[in-house]
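Engineer: kindly generate the corresponding structure for this input.
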Amino acid sequence: MQLNKKILVFIAALACCVQGSAHAQSATDRLQRLVETSAQRLAIAEQVALAKWDSGSPVEDTSREAQVLASAVKEGESKGLDQAAITNSFRAQIEANKLVQYSLLAEWRRLDKAPYHEPVNLATIRPQLDQLDAALIVELANTSAVRARASCRTDIAKAVGKYVATHKNSFNSLKMIALDRATAGACS
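Structural biologist: The predicted structure is shown next:
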């Protein structure tokens, strides 16, 4: 009987510690997965730009954007997210991606060439984007409470700063600006 009490006390203490550590996590920390997923989506922007360079396609693709938004709204609503919040967040993601594309394409035009690459087809990139879009919706759902706070814009800015600081070797000013833009629509 004495041993059972000790086990119960240990389990209760462990539960308190786990619960306490979950509450101690800062808003910046809770937003890290959302920021990371946004950064992963932006990392594909260069491949999209290369595909558009190869095909001569324009950056603007309103029909694809409409598909992405409609799919995101449908999936987000199934997870209890508000349509306006999903739309704002995904428009910011799309605009950030286009910012990177426009910048890279302009740079390549000034140089009269893109970096050496194997030909890129958008059809092979879109499944990756679709997966990241699904992950973004999960993160939007997971961070609903922190994104609804009055301090959300500051929390997001700090979360982006923390992410960039830990990945500074792979970030230039364009990527940081794009990540700021991508996360600008996250606050409710």
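Engineer: quick one: end-to-end distance for stretch 137-156.
Structural biologist: In stretch 137-156, first residue to last residue: 16 Å (Cα to Cα, to the nearest Å).
Engineer: now do the buried residues in that stretch.
Structural biologist: 137, 139, 140, 143, 146, 147, 152, 155, 156 (16 or more other Cβ atoms under 10 Å). The C-beta positions use only the backbone N, C-alpha and C, and glycine is treated the same way.
Engineer: make a markdown table from those residues and add secondary structure and distance to residue 124 to it.
Structural biologist: As requested, the buried residues of stretch 137-156 are arranged in a markdown table below (DSSP: H, G, I helix; E, B strand; the rest coil; distance: Cβ to Cβ, whole Å):
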| residue | secondary structure | distance to residue 124 |
| --- | --- | --- |
| 137 | helix | 22 |
| 139 | helix | 24 |
| 140 | helix | 26 |
| 143 | coil | 30 |
| 146 | helix | 35 |
| 147 | helix | 32 |
| 152 | helix | 35 |
| 155 | helix | 35 |
| 156 | helix | 31 |
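Engineer: so the residue nearest to residue 185 when sequence neighbours are not counted is in which element?
Structural biologist: Counting by Cβ to Cβ, 6 or more residues apart in numbering, residue 185 lies nearest to residue 92, which is 3.0 Å off, once chain neighbours are set aside. Counting by DSSP states H and E, the secondary-structure element that holds residue 92 is helix 83-111.
Engineer: strands of this protein, residue ranges please.
Structural biologist: Remark: strands of the chain are absent; assignment by DSSP state E.
Engineer: find the centremost residue of the protein, please.
Structural biologist: For the chain, the residue nearest the mean C-alpha position is residue 38 (1.7 Å; Cα atoms, centre = their mean).
Engineer: make sure it is actually in contact with residue 135.
Structural biologist: No: the criterion here is Cβ atoms under 8 Å, and residue 38 misses it with residue 135 at 9.8 Å.
Engineer: show me where the protein has helices.
Structural biologist: 2-24, 27-30, 32-43, 45-55, 62-78, 83-111, 122-142, 144-147, 152-166, 173-183 (DSSP state H).
Engineer: dump those to JSON lines, plus mean pLDDT.
Structural biologist: Below are the helices of the chain laid out as JSON lines (pLDDT from 0 to 100):
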{"stretch": "helix 2-24", "mean pLDDT": "47"}
{"stretch": "helix 27-30", "mean pLDDT": "92"}
{"stretch": "helix 32-43", "mean pLDDT": "96"}
{"stretch": "helix 45-55", "mean pLDDT": "95"}
{"stretch": "helix 62-78", "mean pLDDT": "96"}
{"stretch": "helix 83-111", "mean pLDDT": "96"}
{"stretch": "helix 122-142", "mean pLDDT": "95"}
{"stretch": "helix 144-147", "mean pLDDT": "95"}
{"stretch": "helix 152-166", "mean pLDDT": "95"}
{"stretch": "helix 173-183", "mean pLDDT": "95"}
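Engineer: cheers, nothing more for now.
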